[in-house]
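Asker: Quick check, what structure comes out for this input:
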Amino acid sequence: MVKMPLDFSKCNVYFDFDNTMTAFDVLDDIIEKFSINRDWVVFENAWQKGEIGSRECLKWQMRSVRATKPKLSRYLDKVRLDDNFQELFGYLKRKGAETAILSDSFSFFIERILSKNGVRGIKLYSNRLRFSKNKLIPTFPHTDKSCSHCANCKKTHIFKLRGRGRTNIYIGDGLSDICPAEHSDIVFAKGSLQEHFTKTKKEFIPFKNLRDVYSWFQEAGNVVETEAGQELFALKRK
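Answerer: Model prediction:
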């Protein structure tokens, strides 16, 4: 067993957004608050059961949402990020890690929240939308033709960005995080993602908020155990 610090310059750190970087699921809250009927519930339940993919779910759910851009902006301007994100993000940048947000939400929502919380310089891969008066028209530029399940194929971004010899670290909480997490080397999980990894007996690091994640990185910056230079062991395991 060899002990050595985690080389941040060879790390890609991926963040889910809703309920990972925020304290609640902003997309779900928008759908619930601004829908003109309860049709979205049918699609939400079908997605939760695995009967439809997130792309089909979001396409139908967004048809019920009615909000002008200014009205939605006022709502988004009140959303706060996890108090620990800025400190964690700054630490990762100083250490040379690459960072990105992989989200099944929409770029307009996320970019507005990031801007209002003073976050600059993080890559974002998400779905998009445009406004037609008070209607929101979604588009899905990151689908995978071989997979009809996901609106934004998160694992595709990991495949494109991971590079030879790099360590992929994923932080998430939901069903849409299972696929990318299973293609990552180190996983921080809570919520549905934690339940899945527990059920399938896969390694993960549980976390409640980004303070736990930040603490882990600080500790890993000093020392992390590796075996034959291949397998990274989490310092805090379930």
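Asker: List the contacts of the residue nearest to residue 161 when sequence neighbours are not counted.
Answerer: Of all residues not flanking residue 161 in the chain, residue 12 sits nearest, at 5.6 Å (CB to CB, 6 or more residues apart in numbering). To be clear about C-beta, it is placed using only N, CA and C from the backbone, and glycine gets the same treatment. Residues in contact with residue 12 (CB atoms under 8 Å, 6 or more residues apart in numbering) are 97, 98, 99, 100, 158, 161, 162, 163, 166, 167, 168, 169.
Asker: Could you list which of those belong to strands?
Answerer: Using DSSP state E, the members of the contacts of residue 12 that fall in strands are 98, 99, 100, 167, 168, 169.
Asker: one step back: and the residue nearest to residue 161, which of the three is it?
Answerer: Following DSSP: H, G, I helix; E, B strand; the rest coil, we place residue 12 in the strand state.
Asker: mind checking how far it is from residue 96?
Answerer: Separation of residue 12 from residue 96 (CB to CB, to the nearest Å): 11 Å.
Asker: what does residue 62 give?
Answerer: From residue 62 to residue 96 the distance is 38 Å (CB to CB).
Asker: Between the two, tell me which one has more neighbours.
Answerer: residue 62 (22 against 11; other CB atoms under 10 Å).
Asker: And the strands in this structure?
Answerer: 2-4, 11-15, 98-106, 123-132, 135-139, 167-172, 186-189, 205-206, 224-227, 231-232.
Asker: among the ones you listed, which is nearest residue 73?
Answerer: Evaluated over those, closeness to residue 73 peaks at strand 123-132, with 10.6 Å, by CB to CB.
Asker: Please point out which parts of that closest one sit buried.
Answerer: 125, 126, 127, 129 (16 or more other CB atoms under 10 Å).
Asker: got a list of what the nearest residue to residue 149 once chain neighbours are set aside touches?
Answerer: The shortest distance from residue 149 to any non-neighbouring residue, by CB to CB, 6+ apart, is to residue 53 (3.8 Å). With contact set as CB under 8 Å, 6+ apart, residue 53 has these partners: 47, 148, 149, 150, 151.
Asker: Show me which of these are buried.
Answerer: Buried among these by 16+ other CB under 10 Å: 47, 149, 150, 151.
Asker: shouldn't the last one be in contact with residue 58?
Answerer: This means residue 151. Yes. Using CB atoms under 8 Å, residue 151 is in contact with residue 58, at 5.3 Å.
Asker: Now tell me which of the contacts of residue 12 the prediction trusts least.
Answerer: pLDDT across the contacts of residue 12 is lowest for residue 163, at 80.
Asker: residues in contact with residue 113?
Answerer: Per CB under 8 Å, 6+ apart, neighbours of residue 113: 22, 26, 76, 79, 81.
Asker: any idea how far residue 221 lies from residue 9?
Answerer: Applying CB to CB to residue 221 and residue 9 gives a distance of 12 Å.
Asker: Who has more neighbours out of those two?
Answerer: residue 221 (15 against 10).
Asker: Residue 5 versus that one, what's the distance?
Answerer: For residue 221 relative to residue 5 (CB to CB), the value is 6 Å.
Asker: ranking the strands of the chain by burial, who's on top?
Answerer: Among these, judged by mean count of other CB atoms under 10 Å, the one packed with the most neighbours on average is strand 186-189 (a mean of 26).
Asker: Partner strands of that strand, with direction?
Answerer: strand 167-172 (parallel), strand 205-206 (parallel) (DSSP bridges).
Asker: Columns distance to residue 110 on top of those strands, output as CSV?
Answerer: Shown next, in CSV, are the strands paired with strand 186-189 (distance: least, CB to CB, whole Å):
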stretch, distance to residue 110
strand 167-172, 15
strand 205-206, 24
